[in-house]
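Trainee: just to be clear, the model below is a prediction. Sequence and coordinates:
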Amino acid sequence: MISIKNLTKRYDKGMTIALNNINLDIDDGEFVSIMGTSGSGKSTLLNMIGGLDVPNEGTVDVMGESLSKVSLSKYRRETVGFVFQLHNLVPNLTCVENVELPLFGSGVKSSDMKSRAMNLLKAVGLDEFVNKRPNKLSGGQMQRVAIARALVNNPKIILADEPTGQLDSENSEVIMDLLQEKQKETNAALVVVTHDFEIAKKAERIIKIKDGQIENSQEDLGVTDIDGIVDLEDS
Ligand SMILES: Nc1ncnc2c1ncn2[C@@H]1O[C@H](COP(=O)(O)OP(=O)(O)OP(=O)(O)O)[C@@H](O)[C@H]1O
Ligand SMILES: [Mg+2]
């Protein structure tokens, strides 16, 4: 589904190497989590997969096609659901309008747009907030609207950058269940960046990034090593 080869991304005229020769394959229907310290390159990697930025070297292929050869705006609109680390809601639209936004121009009827958005807002527990604007919501509530928005186009690739970062454990569970439910429904690839090991270990694979490189994956780890990750996170 997603095949990343020799991916390198530099910023600041090459002074910062955000990603250094990443190789990674992710299957459809697979749930992968990405962990790593602040600044290690997690968001950069997600942005490359989501077609929000382009690599300096290497390739990202999705369903056999290089992202360098497709319309990135079409790819983002039709294939990707992105939950941003900062939720990026549009302040002067209501919650339901924010969730409907990705469907404008997609050919979905406006009544269907509305019902899809309402159902998702209900699923994230925000039925009472549909007609409120984001500035009337708490940080965690805004995050839940952003998650509903990311899922409204039934994406084949769901990318979530710290989706539960502002949520208590109960709401985190609700959100993770929703992401995984949606993923199963469409057999999507689900990639979640998280600092929370309880969330990360729900995935089939944990990818650990350090200084822009993949350090290991769950496949090469024994149980003791997984405990090792917990210790690293706690220290
Ligand atoms: N637009 C940018 N311009 C310049 N440098 C950038 C830019 N975006 C990221 N970087 C740098 O690239 C490196 C990786 O950043 P990235 O945002 O991917 O980290 P992260 O792992 O997501 O961190 P966090 O856990 O804090 O969100 C950092 O050194 C960061 O300063
Ligand atoms: Mg980040």
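Mentor: Sure thing, it's come through. Model, not experiment: these values are computed from the prediction. Ligands and ions are numbered 1, 2, ... in the order given.
Trainee: so how far is ligand 1 from the nearest residue to Arg76 once chain neighbours are set aside?
Mentor: For Arg76, ignoring the flanking residues on the chain, the nearest one in space by CB to CB, 6 or more residues apart in numbering is Gly51 at 5.2 Å. Bear in mind the C-beta positions are built from the backbone N, C-alpha and C, glycine included. Distance of Gly51 to ligand 1, given as CB to the nearest ligand atom, to the nearest Å: 16 Å.
Trainee: next: Ala146.
Mentor: In terms of CB to the nearest ligand atom, Ala146 sits 16 Å off from ligand 1.
Trainee: and that residue, how far from Ser43?
Mentor: Here Ala146 is placed at a distance of 15 Å from Ser43 (CB to CB, to the nearest Å).
Trainee: go through stretch 83-97 and flag the buried ones.
Mentor: Val83, Phe84, Gln85, His87, Leu89, Thr94, Cys95, Val96, Glu97 (16 or more other CB atoms under 10 Å).
Trainee: no no, stretch 65-75
Mentor: Leu67, Tyr75.
Trainee: and for stretch 156-176?
Mentor: Going by neighbour count (16+ other CB under 10 Å), the buried part of stretch 156-176 is 156-167, 171-172, 174-176.
Trainee: same deal with stretch 9-22?
Mentor: Buried residues in stretch 9-22, counted by 16+ other CB under 10 Å: Lys9, Arg10, Ile17, Ala18, Leu19, Asn20, Ile22.
Trainee: touching, the third one and Ser40? I think so.
Mentor: Read it as Ile17. No: with contact defined as CB atoms under 8 Å, Ile17 does not reach Ser40; the gap is 11.3 Å.
Trainee: what do these two both touch?
Mentor: Residues touching both Ile17 and Ser40 (CB atoms under 8 Å, 6 or more residues apart in numbering): Gly212.
Trainee: okay, how far is it across stretch 117-134, tip to tip?
Mentor: 15 Å (CA to CA, to the nearest Å).
Trainee: and the helix or strand Glu198 falls within, what other elements does it pack with?
Mentor: Using DSSP states H and E, the element containing Glu198 is helix 197-200. If you count contacts as 3 or more CB pairs under 8 Å, 6 or more residues apart in numbering; DSSP states H and E, helix 197-200 packs onto strand 31-35, helix 169-186, helix 223-234.
Trainee: the same query, at a cut-off of 10 Å, please.
Mentor: If you count contacts as 3 or more CB pairs under 10 Å, 6 or more residues apart in numbering; DSSP states H and E, helix 197-200 packs onto strand 31-35, helix 169-186, strand 189-193, strand 205-210, helix 223-234.
Trainee: doesn't Ile26 make contact with Ile2?
Mentor: Yes: with contact defined as CB atoms under 10 Å, Ile2 counts as touching Ile26 (4.2 Å).
Trainee: how near is the residue of the chain at minimum distance from ligand 2 to Gly50?
Mentor: Residue of the chain nearest ligand 2, by CB to the ion: Ser43 (3.1 Å). Applying CB to CB, the value for Ser43 to Gly50 is 10 Å.
Trainee: quick one: common contacting residues for those two?
Mentor: Residues touching both Ser43 and Gly50 (CB atoms under 10 Å, 6 or more residues apart in numbering): Phe84, Asp161.
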